[in-house]
Structure formats: C-alpha cells, structure tokens
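Participant: how would this look folded up:
(one chain, ligands or ions: 1)
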Amino acid sequence: MTVTASPASRAAEILSRPVTLNGLTVPNRIAMAPMTRMFSPGGVAGEDVRSYYARRAAAGVGLIVTEGTYVGHDSAGQSDRVPRFHGEEQLAGWAKVAEAVHAEGGTIVPQLWHIGMVRKEGQAPYPEAPAVGPSGIRTDGTEGAGKAMTRRDLDDVIGAFAEAAAAAERIGFDGVELHGAHGYLIDQFLWAGTNRRTDAYGGDPVARTRFAAEIVAAVRANVSPDFPVIFRYSQWKQDAYEARLAETPQELEAILSPLAAAGVDAFHASTRRYWIPEFEGSDLNLAGWTKKLTGRPTITVGSVGLDGDFIGAFMGEGSPVQGIDDLLDRLEREEFDMVAVGRALLQDPEWASKVLAGRFDELKPYDAAALKTLS
Ligand SMILES: Cc1cc2nc3c(=O)[nH]c(=O)nc-3n(C[C@H](O)[C@H](O)[C@H](O)COP(=O)(O)O)c2cc1C
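Facilitator: I've put the predicted structure just below:
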C-alpha cells in the first residue's frame, strides 16, 4: 500500500531540513528575501528594524537576507532612510540586529548594495555624488545620465564591497549576500544593455562578468574561508522585466562559472515567479539551472505563498495561483536548496512557523498595506 503524505506533513518534513552554505548551517530551507523598507533614518537600523527581523527569526525563518544596505561609496545609494553598511553608528545598529536574530535562533546576512546608474542627481546621502556605471547608461537606455567608471572608481567600489564584507563578519553576521540583480550596479556590468565598455570589463559575457568576479574575489580575500558569500542575480531589470542576461544555458554558464571560481558559495537566483521554466526544453527554473551549471547551493524566489490576485496587482498582469506542492517537489528533487519568501513574509511575520507546522489555513492573505509598516 502506498502512503501519501499530506501536504502539511510533507511541507514540515521537507522545509525543516537543515542546509549548509559553506561554514554556515541554516536550520531550515526558508529564507526571507531582501526587501528595501526605508525605515532607517540617517542610514541607521534602529530598534523597530531590529524587532522586525527578530520577529521573523523567532517565527521560523532559517535565513534572513536583510534589505539592500549601501556599501561605503558616495554614489552607492540615494536615500537617507536606507540603512548603510559603513560608519560607526550604522554598523553598531546592524550589530544589534544580528544579535537579536541570533537570540531567536535565526541566521542573517546583509545584502550589500550599490545602485549605480539608478541614482538620480542631488539625492541623499551624498547629493553631489554622480551616478556611476559601466558606461553612464541607465537601464531604460538613457545615455549621458551619469559617469562611466574609471579604473579608480572600479577599485574604490570593489574595495567598498570588500570592506563591508569584513565588517559583516566582524560585527557578527553569518555571511554576506552581494546584490548583483535587478539592474543595479553589478548587474549593469553583467548586462550588455548597460555595459558598452571596450576595455577588459565589457564585451562578451565573461568580460562583462569581470567586475562582479573581482568583487567576489576581493570579498572572499577579506573574510574567513568558511564565511559564506552569496551572490544574487536576475535576468530581469527594474525598468525592463523582459531583459535577459543569458538566452541559453551556455551563456548563463559563461557568467556563472567565473563567479563560482572567484568564491561564490551559494547563488540566489531572483525570478518573479519561481515555477516558470528558464530555457526551452526543460522544466528547470533559473535557480535549477544555476545549481546544475555551478554545483553550488541555490536559493529560489518569486511569488511563493501569494495568491494570483495580488501577483496580478503588483506585477500589472494576471497569473495562476501556485500551490506549495510544486515547490516541495522541486526541493525534494534538489533542483534548488532553499526558498526565499518576500511579500508573504511582510504580510505575516509568522508565515514560516505556520507553513512549517502545516497550519496553511491560518496564513493571512496579502494586502499591499503591509508595505507601509514594519510590523
Ligand atoms: C518592498 C520590496 C522591496 C524589495 N527590495 C529588494 C532589495 O532591497 N534587494 C533585492 O534584491 N530585492 C528586493 N526586492 C525583491 C524581493 O527580494 C523578491 O525577490 C521579490 O519580492 C519576489 O519575491 P516575493 O514574490 O516572495 O515577494 C524587493 C521587493 C519588495 C516587494
């Protein structure tokens, strides 16, 4: 007789398996996706930010990836309410966040961020700093809106990422995630649409990956060998949902191999809907392909736990409702190793504990009002 596990017990069994990312053991398969919240005046994560993350760790999130936090370069960001990962007060604020998450049994990595050509002129925290990028081109194609980075700029930014990673280890974080996704600086180098350089940092996919790989190598050299370095990337860009870095698995491999060789321990493949196949002829999604091509652990993400109506409202189009079974099947087949959850975890801080206990009927439906508070 075949005994079929109920969805509830299956979810508990599969999602509560620990997973290892280099020297870090994460207690289960659920990650909190990085989400910019802009609740950190002066770039300092305060008490409310601390309890926001600690609440989710206490309720079963195995790995918290913090909101994007600016590295120490004047052009890195454009809001004084986004937390910074440099400066005494800012790092002291972050140290307390890490401590609070650990006290609840969770693990936490900061997402290190430079926005590059997304920066508008005259914005905080350094209004006079220019927007910088590979070729001074925005992801929407606007030319001449910023500065093409010089050798000195490249070295400064690489150094800023390396310093932030060392600070993360020093103040008690469990690893770092490098934000190489969504059309921000690192992705502007990866993508041919924004990278028109004719030096060693532009041209074919391997050359376009050089800047990212140098950041990874500098980070790797500045932290302990077992300190996990996660690299987040995406095909899509903020201003260009249909943009793609790679049209084929071979092109994707050309980008991912140098990153893995430079020292990436795990990849976080950002998609808007995790169940969409990435390339023709296979059901694998972007995280699945990433794992297959690199052999590294991967994190998937995209509309987990959301209902169709909300996806439609947020993304401007309709979409089918996706149950948890498909996700569990893919985890079980080891297509990927972890699943990151964004908006569902904003809505319901207890999302993970409810799912791990099979209490699906207690999950709260998403309401965009959740974006406005740190509850
Ligand atoms: C309010 C908000 C802020 C976000 N900020 C970031 C960010 O700082 N860094 C990042 O890589 N992704 C960011 N994202 C994307 C999420 O990490 C995630 O990939 C996306 O929301 C899809 O996951 P979900 O469908 O579970 O929400 C953000 C998403 C939202 C909704």
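Participant: Excluding covalently adjacent residues, which one is nearest to residue 216?
Facilitator: Closest residue to residue 216 apart from its sequence neighbours, by CB to CB, 6 or more residues apart in numbering: residue 262 at 3.9 Å. The C-beta positions use only the backbone N, C-alpha and C, and glycine is treated the same way.
Participant: Could you pull up phi and psi at the closest residue to the ligand within the chain?
Facilitator: The ligand sits closest to residue 342 of the chain, with a gap of 2.6 Å, by CB to the nearest ligand atom. Note on residue 342: its backbone torsions stand at phi -100, psi -90 [degrees, to the nearest 10].
Participant: Now it: closest residue in space that isn't a chain neighbour?
Facilitator: Closest to residue 342 by CB to CB, 6+ apart is residue 33, at 3.7 Å.
Participant: any idea how far the one you found is from residue 46?
Facilitator: 22 Å (CB to CB, to the nearest Å).
Participant: what's across from the most centrally placed residue in the chain in the sheet?
Facilitator: In the chain, the C-alpha nearest the mean C-alpha coordinate belongs to residue 232, at 4.6 Å (CA atoms, centre = their mean). With DSSP bridges as the criterion, residue 232 is bridged to residue 179, residue 268.
Participant: List the residues that contact it.
Facilitator: By CB atoms under 8 Å, 6 or more residues apart in numbering, residue 232 lies in contact with 34, 65, 111, 177, 178, 179, 180, 181, 267, 268, 269, 270.
Participant: for residue 226, same thing?
Facilitator: When contacts are counted by CB under 8 Å, 6+ apart, residue 226 touches 22, 23, 24.
Participant: And the helices in this protein?
Facilitator: Ranges of helices within the chain are 7-15, 47-58, 88-103, 151-170, 185-190, 205-208, 210-222, 249-262, 286-294, 308-315, 324-332, 343-347, 351-356, based on DSSP state H.
Participant: got the residues of the stretch 1-150 of the chain near the ligand?
Facilitator: Residues of the stretch 1-150 of the chain lying close to the ligand by CB under 6 Å from any ligand atom are 33, 34, 35, 36, 67, 68, 111.
Participant: Now which of the residues you listed would you call buried?
Facilitator: When neighbours are counted using 16 or more other CB atoms under 10 Å, these contain these buried positions: 33, 34, 36, 67, 68, 111.
Participant: could you measure the fifth one against residue 251, distance?
Facilitator: In this case it means residue 68. 26 Å.
Participant: again, but for the last one
Facilitator: When CB to CB is the yardstick, residue 111 and residue 251 sit 25 Å from each other.
Participant: again with residue 367
Facilitator: 39 Å.
Participant: The two: which is more packed in?
Facilitator: Set residue 367 next to residue 251 and count neighbours by other CB atoms under 10 Å: residue 251 wins out with 15 against 11.
Participant: Identify the residues contacting the more buried one.
Facilitator: Residue 251 makes contact with 205, 245, according to CB under 8 Å, 6+ apart.
Participant: And for residue 206?
Facilitator: Here residue 206 is in contact with 254, 255, 258 (CB under 8 Å, 6+ apart).
Participant: Does residue 52 touch residue 346 like I think?
Facilitator: No - between residue 52 and residue 346 there is no contact under CB atoms under 8 Å: 9.4 Å.
Participant: Looking at the two, which has the bigger crowd around it?
Facilitator: Set side by side, residue 52 and residue 346 show more neighbours around residue 346, with 25 against 21, by other CB under 10 Å.
Participant: count of neighbours near the residue nearest to that one when sequence neighbours are not counted?
Facilitator: Closest residue in space to residue 346, ignoring its immediate chain neighbours: residue 370 at 4.4 Å, by CB to CB, 6+ apart. Neighbour count of residue 370, defined by other CB under 10 Å: 17.
Participant: tell me the contacts of the residue of the chain closest to the ligand?
Facilitator: Residue 342 touches 32, 33, 35, 301, counting by CB under 8 Å, 6+ apart.
Participant: rerun that using 7 Å as the cut-off
Facilitator: 33, 35, 301 (CB atoms under 7 Å, 6 or more residues apart in numbering).
Participant: Likewise for residue 202?
Facilitator: Contact partners of residue 202, counting by CB under 7 Å, 6+ apart, are 134, 195, 196, 208.
Participant: So of these, which two are at opposite extremes in space?
Facilitator: Farthest-apart pair in the contacts of residue 202 is 196 and 208; separation 10.3 Å (CB to CB).
Participant: more crowded one of the two?
Facilitator: residue 208 (23 against 14).
Participant: mind checking pLDDT for that one?
Facilitator: Listed pLDDT for residue 208 reads 98.
Participant: what do you get for residue 323?
Facilitator: 69.
Participant: Next: residue 139.
Facilitator: pLDDT, read off for residue 139, is 89.
Participant: burial of it, as a residue count?
Facilitator: 22.
Participant: for residue 63, same thing?
Facilitator: Residue 63 is flanked by 29 other residues according to other CB under 10 Å.
Participant: My read is that it contacts residue 107, right?
Facilitator: Yes - here residue 63 lies in contact with residue 107, judged by CB atoms under 7 Å, at a distance of 5.1 Å.
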